[in-house]
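>>> Sequence first, predicted model second:
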Amino acid sequence: MTSGSEIVSVDTPLGPARFHVDGAEDQRAVLILGHGAGGGVNAMDLELLAHRLPEQGVTVLRFEQPWRSAGRKVAGRPPTLDEAWTPAVRWLRGQLDDAVPLYLGGRSAGARVACRTATELGAAGVVCLAFPLHLPGRPERSRAAELLAPSVPRLVLQGSRDTFGGTAEVAAAVAGPPGVRLVDLPGADHGYRLARGAAWSAADLRETLVAEVSRFLAGE
């Protein structure tokens, strides 16, 4: 967990969940991020955005699903993730200034949840970190429909070596319909780890993540 984060507990139909809050003093936007099915809110990219975006006026809340808060290591079926996320985000919206735009997003399974619920929850946009287009080795079972479902802008930051669907696969899946900005992370895998001998460093990748998300939230 990022140092200085405030933890806010919230009840859901599936048990207690938690928001890890990193607040901005001069708030211009709010971003809620969900974690992956096999990890938690301390994933590199989630922590990075929680640490860096508040200084740019973006409050970041990392949503910890009830299964993770309870100490379990494996997520339930996708619909159960929505069942916890949706009422928690609705509750949070009631605490926020309506004039401040609310963005949803997440890593991997968290990105799927954000896409599935963005329209219902009135999101201004969706940030997808390593969207899992398909299971490794199963490209015929595409989840492109989830990525294409929201009516709001989407930002997808995808590694070229992602076994859940690399940048080229995602580009082919979203070709045609407007609204998706796809950013290639050359040499990165699903966890944003770089191949040995990659043309850029891990620090370069992190700076790209922050810069691209910042631009998206600013409407650029």
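Everything's here; your move.

>>> low-confidence ranges in this structure?
Residue ranges of the chain with pLDDT under 70: 1-4.

>>> all helices for it, in order.
Ranges of helices in the chain, per DSSP state H, are 44-52, 66-69, 78-93, 109-121, 144-148, 167-174, 202-217.

>>> Any chance of a markdown table for these, columns distance to E6 and mean neighbour count?
Any C-beta I mention is one placed from the backbone N, CA and C, and that applies to glycine too. Below are the helices of the chain laid out as a markdown table (distance: least, C-beta to C-beta, whole Å; neighbours: other C-beta atoms under 10 Å):
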| stretch | distance to E6 | mean neighbour count |
| --- | --- | --- |
| helix 44-52 | 11 | 21 |
| helix 66-69 | 15 | 20 |
| helix 78-93 | 13 | 18 |
| helix 109-121 | 20 | 23 |
| helix 144-148 | 31 | 18 |
| helix 167-174 | 34 | 18 |
| helix 202-217 | 21 | 17 |
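
>>> To V127, which of the ones you listed lies closest?
Counting by C-beta to C-beta, V127 lies closest to helix 202-217 out of those; the figure is 5.8 Å.

>>> Mind putting the helices of the chain into TSV with distance to D22?
TSV is the format used below for those (distance: least, C-beta to C-beta, whole Å):
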stretch	distance to D22
helix 44-52	4
helix 66-69	18
helix 78-93	14
helix 109-121	16
helix 144-148	26
helix 167-174	28
helix 202-217	13
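
>>> quick one, which of these is nearest to I7?
Using C-beta to C-beta, the helices of the chain put helix 66-69 closest to I7, at 9.9 Å.

>>> contacting residues around the residue sitting furthest away from the middle of the chain?
No residue in the chain sits farther from the centre than G197, which is 27.5 Å out by C-alpha atoms, centre = their mean. By C-beta atoms under 8 Å, 6 or more residues apart in numbering, the contact set of G197 is empty.

>>> Could you pull up phi and psi at it?
Main-chain dihedrals, G197, degrees, to the nearest 10: phi 80, psi 10.

>>> Can you say which of the helices of the chain is nearest to P136?
The nearest among the helices of the chain, by C-beta to C-beta, is helix 167-174 at 11.7 Å.

>>> which strands and helices sit next to the closest one?
Secondary-structure packing of helix 167-174 (3 or more C-beta pairs under 8 Å, 6 or more residues apart in numbering; DSSP states H and E): helix 144-148, strand 154-159, strand 180-185.

>>> contact partners of that helix?
By C-beta under 8 Å, 6+ apart, helix 167-174 touches 131, 133-134, 139, 142, 144, 147-148, 156, 158-160, 165, 180, 182, 184-185.

>>> what angle separates that helix from strand 154-159?
150 degrees (axes from the mean of the first three to the mean of the last three C-alpha atoms, to 10 degrees).

>>> can you give me the angle helix 167-174 makes with strand 180-185?
Using the same axes, to 10 degrees: helix 167-174 against strand 180-185 is 170 degrees.

>>> Can I get helix 167-174 as PDB, trimmed to CA atoms?
Extracted as PDB, the C-alpha positions of helix 167-174 are listed here (Å, rounded to 0.1, in the frame of the first residue of the first chain):
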ATOM      1  CA  THR A 167      -1.100  -4.500 -28.400                       C
ATOM      2  CA  ALA A 168      -1.600  -5.800 -31.900                       C
ATOM      3  CA  GLU A 169      -4.400  -8.100 -30.900                       C
ATOM      4  CA  VAL A 170      -6.200  -5.300 -29.000                       C
ATOM      5  CA  ALA A 171      -5.700  -2.900 -31.900                       C
ATOM      6  CA  ALA A 172      -7.400  -5.400 -34.200                       C
ATOM      7  CA  ALA A 173     -10.300  -6.000 -31.800                       C
ATOM      8  CA  VAL A 174     -11.100  -2.300 -31.400                       C
END
